[in-house]
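**Student:** Have a look at this fold, sequence not included:
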């Protein structure tokens, strides 16, 4: 196939279209055998190969080109096996939010590194980023629930469940809050006919969702303020006794100073990590409950590349270590 030749989708060598009906393609860029190959759409079932590689975007590969290119199970699974047309819009929103979160975290570090040029006001800039970050994480949970609700309407359960399927709510809050109180296992089974693993998923992530929701709602609707931000030589600090960070318990003794001030970045990293973990565990649960079509790009994975990957990976890696230590301290492995 010569570069620049016009082909149909079925002629792109990396795709398996045997179960592709009713699905969209997350990327037509591939990294294979050390080379980049990309096809651009030029009309209905017409594609032309061009020489290109990503600065920000998604590609399929048997391995990542760069160590900093991220592979997230959620994005890979949806792109490969659950990319139904009905969920294209919320998935595109979620994908964009991943890049926005990486930019927001990098921006806080950049503000600290360049605060001397600002002279004053860097703390206010950080506060606006914290508010934005929580709003994005809250939005991502609702986009995830929108995807869940649309998949629920299409899926065939691997094992029949005793309760009949009923339409899911379109927001995470409506799923987790029932009759003025947090929902229960019995509520979710009776209201929606969800199988046990799906019920467990909602209950497992309820506390984190409510933390993000309550903080975001208090800022947006109730006029609350983000606590004062302090600056040190190594980064920004917060008061560990004030919400929403008071219950996180993620800092080491050496990070807590005499004024109970602690580093801000680990807290924000944990919020982002837990948001991503919610998405990851959602698709792990789906695989156990539902029969899905074959992968669109067999033997490949979907990778994500952005402008701030090195910083993003560092922050997420730190959060993962802290979260693992938390779980081990509670007796989980």
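**Tutor:** Okay, I see it. From a predicted model like this one, the values you see are computed outputs, not experimental measurements.
**Student:** low pLDDT regions in the stretch 1-150 of the chain?
**Tutor:** Applying pLDDT under 70 to the stretch 1-150 of the chain flags the ranges 1-3.
**Student:** how far away is residue 269 from residue 189?
**Tutor:** To residue 189, residue 269 is 35 Å away according to C-beta to C-beta, to the nearest Å. Where C-beta positions appear, they are placed from N, C-alpha and C, glycine not excepted.
**Student:** Which one's more surrounded, these two?
**Tutor:** Taking neighbours as other C-beta atoms under 10 Å, residue 269 and residue 189 compare with residue 269 leading, 23 against 17.
**Student:** Report whether that one is found in a helix, as I expect.
**Tutor:** Yes - counting by DSSP: H, G, I helix; E, B strand; the rest coil, one finds residue 269 located in a helix.
**Student:** That one against residue 315, yeah?
**Tutor:** Yes - with contact defined as C-beta atoms under 8 Å, residue 269 counts as touching residue 315 (4.1 Å).
**Student:** anything in contact with each of the two?
**Tutor:** residue 105 (C-beta atoms under 8 Å, 6 or more residues apart in numbering).
**Student:** After the lengthiest strand in the chain, heading C-terminal, what element do we hit next?
**Tutor:** The longest strand of the chain (DSSP state E) is strand 35-43. As assigned by DSSP states H and E, the chain's next helix or strand after strand 35-43 is strand 46-50.
**Student:** Tell me how far that following strand lies from the chain's centre.
**Tutor:** How far strand 46-50 lies from its chain's middle: 30 Å, per C-alpha atoms, centre = their mean, to the nearest Å.
**Student:** again with stretch 285-305
**Tutor:** 16 Å.
**Student:** Pull out the buried positions in that stretch.
**Tutor:** Across stretch 285-305, burial judged by 16 or more other C-beta atoms under 10 Å covers 285-286, 289-290, 292-293, 295-297, 300-305.
**Student:** do the same with stretch 322-333
**Tutor:** Within stretch 322-333, the residues that qualify as buried are 322, 323, counting by 16+ other C-beta under 10 Å.
**Student:** Let me see the mean pLDDT of that stretch.
**Tutor:** Taken as a whole, stretch 322-333 carries a mean pLDDT of 81.
**Student:** what's next to that stretch, contact-wise?
**Tutor:** Stretch 322-333 has contacts (C-beta under 8 Å, 6+ apart) with 249, 250, 266, 270, 273, 274, 277.
**Student:** and the third one, that one's in a helix?
**Tutor:** Yes - membership of residue 266 in a helix is supported by three-state DSSP.
**Student:** What pLDDT is listed against it?
**Tutor:** pLDDT for residue 266: 95.
**Student:** Return the residues in contact with it.
**Tutor:** By C-beta under 8 Å, 6+ apart, the neighbours of residue 266 are 250, 251, 255, 318, 319, 322.
**Student:** Where helices are concerned, which of the residues you listed count?
**Tutor:** Among the contacts of residue 266, the ones falling in helices (DSSP state H) are 318, 319, 322.
**Student:** Give me the number of neighbouring residues for the second one.
**Tutor:** Residues contacting residue 319 under the criterion other C-beta under 10 Å number 23.
**Student:** In stretch 17-34, which residues are buried?
**Tutor:** By 16+ other C-beta under 10 Å, the buried positions in stretch 17-34 come out as 20, 23, 25, 26, 27, 28, 29, 30, 31, 32.
**Student:** I figured the fourth one hits residue 303, correct?
**Tutor:** No - using C-beta under 8 Å, residue 26 is not in contact with residue 303; the gap is 11.1 Å.
**Student:** which neighbours do those two share?
**Tutor:** Taking C-beta under 8 Å, 6+ apart as the contact rule, residue 26 and residue 303 both touch residue 58.
**Student:** How about residue 243: what's its closest non-neighbour residue?
**Tutor:** Spatial nearest neighbour of residue 243, excluding adjacent residues (C-beta to C-beta, 6 or more residues apart in numbering): residue 215 at 7.1 Å.
**Student:** no no, residue 201
**Tutor:** For residue 201, ignoring the flanking residues on the chain, the nearest one in space by C-beta to C-beta, 6+ apart is residue 285 at 4.7 Å.
**Student:** and if you look at residue 42?
**Tutor:** In space, residue 42 is closest to residue 48, 5.4 Å off (C-beta to C-beta, 6+ apart).
**Student:** Now do the helices in this protein.
**Tutor:** Under DSSP H, the chain gives helices at 73-81, 88-113, 115-118, 122-154, 172-176, 185-192, 196-204, 206-220, 264-289, 309-329.
**Student:** what's the closest of the ones you listed to residue 41?
**Tutor:** helix 88-113 (14.5 Å; C-beta to C-beta).
**Student:** Counting by contacts, list what the closest one packs against.
**Tutor:** Here helix 88-113 touches helix 73-81, helix 122-154, helix 264-289, helix 309-329, going by 3 or more C-beta pairs under 8 Å, 6 or more residues apart in numbering; DSSP states H and E.
**Student:** Can you add distance to residue 96 and give those back as a markdown table?
**Tutor:** Shown next, in a markdown table, are the helices and strands packed on helix 88-113 (distance: least, C-beta to C-beta, whole Å):
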| stretch | distance to residue 96 |
| --- | --- |
| helix 73-81 | 12 |
| helix 122-154 | 10 |
| helix 264-289 | 14 |
| helix 309-329 | 14 |
